[in-house]
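A.B. asks: when you get a sec, could you give me coordinates for this:
(chains A and B)
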Amino acid sequence: MFSLFSLVKNYSIINRNILLRHNCFVTIRSFSNTNTFYIEEKNKITHKDQKDVISPALYAFAARMHLNFSDPKILLQAVTHKSFSDTNLSPNKRFKELGKCAIELYITEYFHMKFPLLHTNYLEKIVNIYNGIGTLSTFGSEIGLKYVMRWSESTDLYISSAIEDQSGSTDENNVLYESRKISNKIGYVMAQAVQAIVGALYLDKGPNSARKFVQDYLLSRDLDIQQVYDVKTPKKDLSALMRRLGREPPISRLLFEAGRLTKEPIFVIGVYSDTEKLAEGFGSNLKMAEFRAAKNALVNYYFKEIKDFTLPSAIDTHQKQMSYIPTKVCDTPAS
Amino acid sequence: MTLTKSLIPKAKNGVGAFVFSCRKIEFNYCERSGSSYGMIKYLQNHLIPFAKINPQMEIVVTPRPSKHPLITGTYLNLKKKQVCVKNKNPDEIAEIVKLIRDNTGVSTKKRFKKPVISTTKSIRGIWSPFHTRPHLI
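C.D. replies: Numbering: from 1, shown residues only, chains lettered A, B, ... in the order given. I've put the predicted structure just below:
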């Protein structure tokens, strides 16, 4: 007979971190600095604190996300929702409040520097997308936060009431509403846990590591930002912009056309200010092509990206402060 | 135009930071059967060094009496990969564990239909606009 059990037992003698369960359930708890074995058996409990045991899943989560907290309990607290009652730790509410503001700050700062000419409304929209609950909960489910989070669904009154406030429930689509409520719940809790982790990083490791977390995991996500830009009257806006910049008013010129008298004509129109071509647009009629051309011209102007910039929050030393040149403050359009 | 569906930025794993996609590896073995012999040798000698250099995943060892030994990898995209390792020696098992660890969990099944490739020549030949009946206006 092979004696794996005894092998594990020898390990447990070295490390006094033991939980025993009757069917020889062996788990290796692996973490960067504490690699310990422990056995769980049902009746014999030699561990001192049964409530807030840090599970192997949480250790693995910390190692996966490169979270080197000074105390693993901080991470445990950050993933503890206030609906979870069987704990001595306080819930993650305070971490969450801090992390929410930190995420918003770093994301706003980044897009503010990256698109200096963008209108404030659209900047706000982009920031809301990046730090919204949808993005945070998607991120949380992608990193496997579901398996380490501690919460309970039944006592979750706060969240259900928050959703009720958002949309008045009617009787006819009550079933649909109920199903959405349940699926939303875990999303809310997960988003709060992500915020709490950032807040805990901010408190424990300082703002730089919180900024690094936000940049690595949230700002690296990809979004076609021009989708956000919905403009109703691009021709009017473009001529207003040109007037403001003191340039010649925009003129549309037909560049190419094919099959004007057929069922599927194509026109390509270029928008010119004096002799400079601002943008091109295509369409199946002249009006549509002109609309697209004007919109592209606006996009080319407002969504101008700046490649190399220094974030204001990255300046921590005096030397950096001396060499820092702030980006030119943007001008906002007349929309 | 109003945005009915909320936009969510897509994750690009590895652009900012790389998140390891293998979440958990479970080892199942039987203490009595001979097919688990290599597996138990692996657990005794190789598993602890493996767990030490791979802290990013949870490692669970569970007995599964009267069954062949099994290694199960669970991934962040909710997929699982199971490999039966009956009668394998520890070195072979180490290879399989590495394979499970380095997998992303994305299904390898082909999602598209097979492209139609024919080795025989077409009887009618390739259609050409210059060799058909000329267009009359």
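
A.B. asks: what number of residues lie near the residue of chain B found nearest chain A?
C.D. replies: Of all residues in chain B, B:G16 sits closest to chain A, at 2.8 Å by C-beta to the nearest C-beta. C-beta: built from backbone N, CA, C; applies to glycine. For B:G16, the neighbour count with other C-beta atoms under 10 Å in any protein chain shown is 18.

A.B. asks: closest point of chain A to chain B, which residue?
C.D. replies: Going by C-beta to the nearest C-beta, chain B is nearest to A:S220 of chain A, at 2.8 Å.

A.B. asks: so A:G281 makes contact with A:L255?
C.D. replies: No: the criterion here is C-beta atoms under 8 Å, and A:G281 misses it with A:L255 at 9.7 Å.

A.B. asks: compare these two (neighbour count), which wins?
C.D. replies: Higher neighbour count among A:G281 and A:L255: A:G281, with 22 against 15, using other C-beta under 10 Å.

A.B. asks: for the more buried one, give me its contacts.
C.D. replies: Neighbour list for A:G281: A:268-271, A:288-296 [criterion: C-beta atoms under 8 Å, 6 or more residues apart in numbering or on different chains].

A.B. asks: can you check B:K81 too?
C.D. replies: Applying C-beta under 8 Å, 6+ apart to B:K81 gives the contacts B:72-73, B:75, B:100, B:103, B:105.

A.B. asks: again, only using 10 Å
C.D. replies: B:22, B:25, B:71-75, B:99-100, B:103-105, B:107 (C-beta atoms under 10 Å, 6 or more residues apart in numbering or on different chains).

A.B. asks: quick check, it in a helix?
C.D. replies: No: looking at B:K81 with DSSP: H, G, I helix; E, B strand; the rest coil, it is strand, so not inside a helix.

A.B. asks: residue contacts, the closest residue to it other than its chain neighbours?
C.D. replies: In this structure, B:K81 finds its nearest non-sequential neighbour in B:G73, 4.4 Å apart by C-beta to C-beta, 6 or more residues apart in numbering or on different chains. B:G73 makes contacts with B:21-26, B:57, B:79-83, B:96-97, B:99-103, B:105, as judged by C-beta under 10 Å, 6+ apart.

A.B. asks: just the endpoints, please. Distance across stretch A:84-104?
C.D. replies: Terminal residues of stretch A:84-104 are spaced 27 Å apart (C-alpha to C-alpha, to the nearest Å).

A.B. asks: and after the helix or strand where A:N208 lies, which helix or strand comes next?
C.D. replies: According to DSSP states H and E, A:N208 maps onto helix A:207-213. The first helix or strand that comes after helix A:207-213 along the chain, using DSSP H and E, is helix A:234-245.

A.B. asks: one step back: now tell me what touches the helix holding A:N208 from outside.
C.D. replies: Helix A:207-213 is contacted from outside by A:65-68, A:98-99, A:102-103, A:105-106, A:109-110, A:194, A:197-205, A:219, A:311, A:313-314, A:316, B:16-17, using C-beta under 10 Å, 6+ apart.

A.B. asks: and that helix, C-alpha only, in CSV?
C.D. replies: This file holds the C-alpha atoms of helix A:207-213, laid out as CSV (Å, rounded to 0.1, in the frame of the first residue of the first chain):
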residue,chain,number,x,y,z
PRO,A,207,-0.5,54.8,-5.4
ASN,A,208,2.1,53.6,-7.9
SER,A,209,1.1,50.0,-7.7
ALA,A,210,-2.6,50.9,-7.9
ARG,A,211,-1.8,52.9,-11.0
LYS,A,212,0.1,50.0,-12.4
PHE,A,213,-2.8,47.6,-11.8
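
A.B. asks: can you give me the buried ones in that helix?
C.D. replies: A:207, A:209-213 (16 or more other C-beta atoms under 10 Å in any protein chain shown).

A.B. asks: kindly report the same for stretch B:21-37.
C.D. replies: For stretch B:21-37, by 16+ other C-beta under 10 Å, it's B:21-30, B:33, B:35-37.
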